[in-house]
Each structure stands twice: as structure tokens, then as C-alpha cells.
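Asker: okay, predicted coordinates and the sequence, questions at the end:
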Amino acid sequence: MRTFTNSLFALLFASLLIVGCGGESADTSAAAETADQSAEAANSGAIVIEATDMLQFSVTEFSVTEGEEVTIILKNVGQMAKEMGGHNLVILTEGDVQEFGVAAASASATGYIPADMEAWVLAHTELLGPGEEATLTFTAPAAGTYDFLCSFPGHFGTMRGVMTVEAAM
């Protein structure tokens, strides 16, 4: 049964990717605009993180300095509908990623942020559909390491990372 489920899952993903691509060539003006926006974000000091249909973040670790204003731009570069595979970014101040991710699966009414675990959250974006992006700005907390994840059901297994906050000099 496990092999069938994994094969079915792989077939579903392959079908979605083929349908999503539609066999069309990329729009070069849209690609140029995206490149310009990415360069602008990089020049502003923002951390740009892309979320994909392959359940991956393009950045899984980054460092900031405590007390610094941090800006993260999350871009959903996938094709899957928000209801089927939307992405967000949640930075935890405490708690276990696994426990948070499991609880988040039943918190659709609150954007997959469990109400009883809000104290665990430093900052988060809303859930994004394909082609959407969100900007998250917050003040870096005390020096230490902080986990981040996508809390859409099941995504936290592979869509996670670590923000390291270094002590201010």
C-alpha cells in the first residue's frame, strides 16, 4: 500500500506540473520583471525566500543581528492552488517544529497558525497562492537560533529552516 500511495503521489505531482506548465514558453518580459524585483529586494537588504511546489524553501538558513529590523520577502513561485498547496512562513520563538506543524494542520480557520500556540510565533506571513508574495518585517529577537517553517498541512517536514540571531556588538 505504501508503494502505491507514493506512486500515486508522484503521479499527481507530475500531472500538476505538466498541467501547470501547459507546454507554453516563458514570458520573457515577466521573467525580466521578476529579475528586476529580485535585484531590488537584494539591494534593499531584504531576505528573499521562494517557496516551490516541490515543498522547498530556496533559503533554509540565514543570519541577522539582534535588534536589527529584518525584512523577509516570501514568494510562492509554485503553480498549485492555494487550497491545495499554499505556502506561508512562520518563525517560531519557542516550541518544537514537529508539534507546531502537526497542530497547524487543523488550524485552517486561523491561517494554519494554531490559536493556542500564538505565543510560539515571532512573526508570520499569510498563506500565499501561486505567484503571490508577502513582505514580513520584524525586529530580530535576542541572540540564538529560531526555527521557521511553512505551516500548511504536511509541508513542515521539508519546508523548514533556521534563523540565527547573532549578538549585537
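Answerer: Done, it's in. Residues are numbered from 1 along each chain as shown.

Asker: remind me which residues of the chain are low pLDDT?
Answerer: 1-44 (pLDDT under 70).

Asker: in it, which spans are strands?
Answerer: 47-51, 61-65, 69-76, 90-92, 121-124, 133-139, 144-149, 160-166 (DSSP state E).

Asker: buried deepest among these, which one?
Answerer: Among these, ranked by average contacts under mean count of other Cβ atoms under 10 Å, first place goes to strand 90-92 (a mean of 23). Every C-beta, even on glycine, is put in place using the N, C-alpha and C of the backbone.

Asker: helices or strands next to that one in the packing?
Answerer: When contacts are defined as 3 or more Cβ pairs under 8 Å, 6 or more residues apart in numbering; DSSP states H and E, strand 90-92 packs onto helix 97-104, strand 121-124, strand 144-149.

Asker: please compute how far it lies from its chain's middle.
Answerer: 10 Å (Cα atoms, centre = their mean, to the nearest Å).

Asker: any idea which of the strands of the chain gets closest to residue 115?
Answerer: Residue 115 sits nearest to strand 121-124 of all the strands of the chain, at 10.7 Å, using Cβ to Cβ.

Asker: helices or strands next to that closest one in the packing?
Answerer: Going by 3+ Cβ pairs under 8 Å, 6+ apart, strand 121-124 lies up against strand 90-92, strand 133-139.

Asker: contacts for the shortest one next, please.
Answerer: If you take Cβ atoms under 8 Å, 6 or more residues apart in numbering as the criterion, strand 90-92 is touched by 100, 104, 113, 120-125, 138, 146-151, 163.

Asker: ditto for the last one
Answerer: Where contact means Cβ under 8 Å, 6+ apart, the residues beyond strand 133-139 that reach it are 46, 67-76, 88-89, 91, 122-126, 128.

Asker: redo that, cut-off 6 Å
Answerer: Contacts with strand 133-139, where a contact means Cβ atoms under 6 Å, 6 or more residues apart in numbering, come from 69, 70, 71, 72, 73, 74, 75, 123, 125, 126, 128.

Asker: off-centre distance for it?
Answerer: Distance of strand 133-139 from the chain centroid (Cα atoms, centre = their mean) equals 12 Å.

Asker: give the pairing partners of that strand; include direction for each.
Answerer: strand 69-76 (antiparallel) (DSSP bridges).

Asker: which other residues reach the partner strand?
Answerer: By Cβ under 6 Å, 6+ apart, strand 69-76 touches 41, 46-51, 64, 87, 89, 125, 128, 130, 132-140.
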